[in-house]
Structures are given as structure tokens and as C-alpha cells.
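Undergrad: sequence-free structure coming up:
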């Protein structure tokens, strides 16, 4: 596989960055994940961290060197992340379970399939056109689907951020899966939190992705959203790849990752993996390890923000 990738997160005007993003890849498979801890509930950053770690660990266990059943993998991984959040809540006797949205995309053999829960989005862009995007699990989108609200209300309706689906809630999440998407060289996949799409119009997002590299577009879009949001800006996070092909020998450049020479059993990951090699019967989310992982991620996010100022 050949692809270029870039990720960036900004704390905005909040005290804590509850967004998490990252990716893992083997020789033949690539997993992209973004989770947005829900600020209306306690410890949203814990929920998003657990979701990231669960998906990363399951990918590392099953990608040999690709995932045999992509849709089943995504469904089971998100459901397992939900169960891990609830288990953490019970072990630590939290008064309320932390919650998070999530969007995950698996790319292999020139095809992509994605799953989401909540309002973290994925955009599939080819040249200057959105070929597909996720549908928010919000009350507004429910009203639009029922003909009780207009699509023109998406940017102003008071219910656009009221979610009915997430990980960590008392009811089991409903995972929405995409169809298989056949990728062409130059296609862009963008995963982003509502801090970005809530501030920057879709047309501007597409224009940036169509005219800039992902290395340029991602930080530009995040900075734009934070500037529009001002002092009350939400956590704003984006992760994007520009696909070059499953076997494109001509793909090259300083920002292009090529996996062709990787051993079959090697996995590269930007997601902090707590207890990846631990006893499967042990608690994989020890409180000290969780807090350590959160601190490390926040430090990395802060460092990245300073470097891009």
C-alpha cells in the first residue's frame, strides 16, 4: 500500500482535549480511528482513549496481514470498545459511564469500509466531489429523515448536537456500517470531530482537500475551525489520508508511506497501546495506565499544536 497521512488536534477553548485520533497499518491493511469524548459526561477523554486502544489491539491481533472480514471486524471492535468502557466504569465505581463518539475506517486491497457511532464524521472525497460521508446520529438527522426538519437547518438547528447513539451509554450502540468503497489513487478519506465540521462548511472542507495535500489541508482546516470558534471553540481534530494505491510502484515523495517491504507480522501504530502484551484475563485498563496514556497523548497534542503555530 502507498498513502500519505496527516493528523492534528487542537484543544480549542476547552480545559481538556477529549478528542483522540490515530492509525495502525500492516503490509496490507490500514486502520484509521477518531473518537470524540463527550463533554457533557464525566471523563470523556477516558472513553475516547479506551475506544482507541480497543480498536488498535483488535487490529493488531487480527490483521495477519489483513482483516479477513472487514465489516464484522468493525462491528465487533466498536461493540467491544463499548463493553470495555462499561467495564472500566464498573471497576472504578464511577457515578456515570464516560461516553464517546467514534468513526473508524479500514482500508485494504484498494477498498475502504467504515463504521461510526455518533457524530464524528468521515468524508470520502475524489477531486472536488464528496462521494460519500457518514450520517450523524443526532436528533436533527432523525427529524430530517422523517421529513420533520429541513436539510437547510443543519447549520443552525438547536438539536444538531443532540446525539442518540454513542459508546458508553446504558443502551448498546447501534453501529452504522458503510458499503465497500473502491478507492482510486488521489482519493482522500477525512475523519474529523464536530469541532471541525461544525465550524467549517462542507464546501470549504472539500475545496481544501481537493487543492492541497493532506499535510497542508488538515492543519489549515483545524486552524480555521478554531479561529471561527474563538474563545469557546470545541476540541477540533482531523485525520486524513491521500490514497496512492495498493500496489503503485510510482507513488513516491517525502510524505508517502509505502508498506510493500514490511514483514507480514509487523504492525505500525500511532495509538498508545496499554497492556497490548498483557495477560488477556488481566485488567487491560488499569487506572494508572489509563491516566499515563491520557497524559502522554495530551502532551503529544500540545507539542504538535506548538510546532504548527
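TA: Alright, I've got the coordinates. All values derive from a computational prediction rather than experimental measurement.

Undergrad: so where's the stretch 1-150 of the chain shaky on pLDDT?
TA: In the predicted model, the stretch 1-150 of the chain carries pLDDT under 70 at residues 40-41.

Undergrad: closest to the centroid, which residue in the protein?
TA: residue 34 (1.5 Å; C-alpha atoms, centre = their mean).

Undergrad: I'd like the next helix or strand past whichever strand or helix holds that one.
TA: Assigned by DSSP states H and E, residue 34 belongs to strand 29-37. Heading C-terminal from strand 29-37, the first helix or strand you meet, by DSSP H and E, is helix 44-62.

Undergrad: and the angle for that following helix with strand 29-37?
TA: Taking axes from the mean of the first three to the mean of the last three C-alpha atoms, to 10 degrees, helix 44-62 and strand 29-37 form an angle of 160 degrees between their directions.

Undergrad: show me how far helix 44-62 is from its chain's centre.
TA: Centre-to-centre, helix 44-62 and its host chain are 11 Å apart (C-alpha atoms, centre = their mean, to the nearest Å).

Undergrad: same question, stretch 91-108
TA: The chain centre lies 11 Å from the centre of stretch 91-108; the measure is C-alpha atoms, centre = their mean.

Undergrad: now stretch 33-48
TA: 12 Å.

Undergrad: give the buried residues for that stretch.
TA: 33-38, 41-48 (16 or more other C-beta atoms under 10 Å). Placement of C-beta: from N, CA and C, glycine included.

Undergrad: how about stretch 101-110?
TA: So stretch 101-110, judged by 16+ other C-beta under 10 Å, has buried residues 101-108, 110.

Undergrad: now stretch 110-122
TA: In terms of neighbour count (16+ other C-beta under 10 Å), stretch 110-122 has its buried residues at 110, 112-122.

Undergrad: next one: stretch 71-84
TA: 71, 73-74, 77-82, 84.

Undergrad: now it, how far from the chain's geometric center?
TA: Its chain's average C-alpha position is 14 Å from that of stretch 71-84, according to C-alpha atoms, centre = their mean.

Undergrad: surely residue 8 and residue 220 touch.
TA: No. Judged on C-beta atoms under 8 Å, residue 8 makes no contact with residue 220 at a distance of 9.4 Å.

Undergrad: looking at these two, which is more packed in?
TA: residue 8 (23 against 17; other C-beta atoms under 10 Å).

Undergrad: got the angle for the helix or strand encompassing the more buried one vs strand 29-37?
TA: Taking DSSP H and E as the definition, residue 8 sits inside strand 2-10. Angle of strand 2-10 versus strand 29-37, following the same axes, to 10 degrees, is 10 degrees.

Undergrad: show me where the stretch 51-200 of the chain has its strands.
TA: Ranges of strands in the stretch 51-200 of the chain, per DSSP state E, counting those that start in this stretch, are 100-108, 111-117, 121-126, 129-133, 176-177, 181-182, 188-192.

Undergrad: pull the distance from the strand holding residue 8 to the chain's centre.
TA: Mean-position distance between strand 2-10 and its chain equals 11 Å (C-alpha atoms, centre = their mean).

Undergrad: which residues are in contact with residue 116?
TA: For residue 116, the contact set (C-beta atoms under 8 Å, 6 or more residues apart in numbering) comprises 101-104, 122, 134, 137, 175-176.

Undergrad: no wait, residue 18
TA: Taking C-beta under 8 Å, 6+ apart, one finds 36-39, 44-45, 48, 100, 235 in contact with residue 18.

Undergrad: which two among the residues you listed are spaced furthest apart?
TA: Taking C-beta to C-beta, the two most distant members of these are 100 and 235; they sit 11.8 Å apart.

Undergrad: shared neighbours, those two?
TA: 18, 36.

Undergrad: the more surrounded of those two?
TA: Per other C-beta under 10 Å, whichever of residue 100 and residue 235 has more neighbours is residue 100, with 32 against 28.

Undergrad: sorry, back to before: now for the strand holding residue 8, which elements pack on it?
TA: The contact analysis (3 or more C-beta pairs under 8 Å, 6 or more residues apart in numbering; DSSP states H and E) places strand 2-10 against strand 19-25, helix 214-229, strand 236-245, strand 256-258, helix 287-307.

Undergrad: so what strands line up beside that strand?
TA: Note on strand 2-10: by DSSP bridges, its sheet partners are strand 236-245 (antiparallel), strand 256-258 (antiparallel).

Undergrad: in the last one, which residues are buried?
TA: Going back to what we said before, that points to strand 256-258. residue 257.

Undergrad: save the contacts of residue 116 as CSV, and put in distance to residue 28 too.
TA: Shown next, in CSV, are the contacts of residue 116 (distance: C-beta to C-beta, whole Å):
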residue, distance to residue 28
101, 28
102, 23
103, 22
104, 17
122, 21
134, 25
137, 31
175, 24
176, 25
